[in-house]
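**Student:** Quick one: sequence plus predicted model below, questions after.
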Amino acid sequence: MTTEAPIYMTPCCAEQMRAELKDLLYVKRPDTVRRVADAAAEGDRSENAEYIYGKRHLRKIDSRIHFLTKRIENAVIVDPVEQGKTASGRVLFGATVTVMNDEGDEKDYCIVGADEYNGSKGLISWKSPIGKALMQKEVGDIATVKTPSGTKEFEIVAIEYKPINGIQITSHF
């Protein structure tokens, strides 16, 4: 049994991680092993750049496989639509929250896991300063966020729980 904290993610993120893991295990790693074996067969390994870089690449692949395996093992997959059924009007993981800032501008933030955040698309981690400030709030509440440029306040205008698609986790290969 693991003692690590759970890793919250949406079904879309979990699906992408599983797909990347499958690709690494069944496509990229076997191909790299074959190339390293071919390079090793050429003779002197100490001066064989293809062999040396191939081994280095293989270590990176193995490291990523280990990382993804651990993330998936410890994942708590939260479907935003199901989460919305028990949220009772509060902001929880998976919520899409419309906020209004001090200047009267509205912005949508979607509360997602650490592996799927993308600030430019409004996907923020539940562990981020804004994510933490929004959690457990209800429509009409004010969320106060301390930023490097000062304290900002956001009024919660709307809370929705809808499927989150189009998340692109960063692959390292």
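**Tutor:** Here it is on my side, so go on.

**Student:** Need the pLDDT of Ser128.
**Tutor:** Ser128 is assigned 93 on the pLDDT scale.

**Student:** Mind telling me what element Ala19 is part of?
**Tutor:** In this assignment (DSSP states H and E), Ala19 forms part of helix 11-23.

**Student:** angle of the next helix or strand after that helix against helix 11-23?
**Tutor:** Note on helix 11-23: by DSSP H and E, the next helix or strand toward the C-terminus is helix 29-40. If you take axes from the mean of the first three to the mean of the last three CA atoms, to 10 degrees, helix 29-40 sits at 30 degrees to helix 11-23.

**Student:** which of the residues in helix 29-40 are buried?
**Tutor:** With burial defined by 16 or more other CB atoms under 10 Å, the residues of helix 29-40 counted as buried are Arg29, Thr32, Arg35, Val36, Ala39. No exception for glycine: its C-beta is placed from N, CA and C like everyone else's.

**Student:** In which helix or strand does the nearest residue to the first one once chain neighbours are set aside reside?
**Tutor:** If the residues on either side of it in the chain are set aside, Arg29 comes closest to Ile61, at 5.1 Å by CB to CB, 6 or more residues apart in numbering. Using DSSP H and E, Ile61 maps to helix 49-73.

**Student:** Tell me which other helices or strands that helix touches.
**Tutor:** helix 11-23, helix 29-40 (3 or more CB pairs under 8 Å, 6 or more residues apart in numbering; DSSP states H and E).

**Student:** does the nearest residue to Pro129 once chain neighbours are set aside sit in a helix, a strand or a coil?
**Tutor:** In space, and not counting its chain neighbours, Pro129 is closest to Val145: 5.2 Å by CB to CB, 6+ apart. Following DSSP: H, G, I helix; E, B strand; the rest coil, Val145 is assigned to strand.
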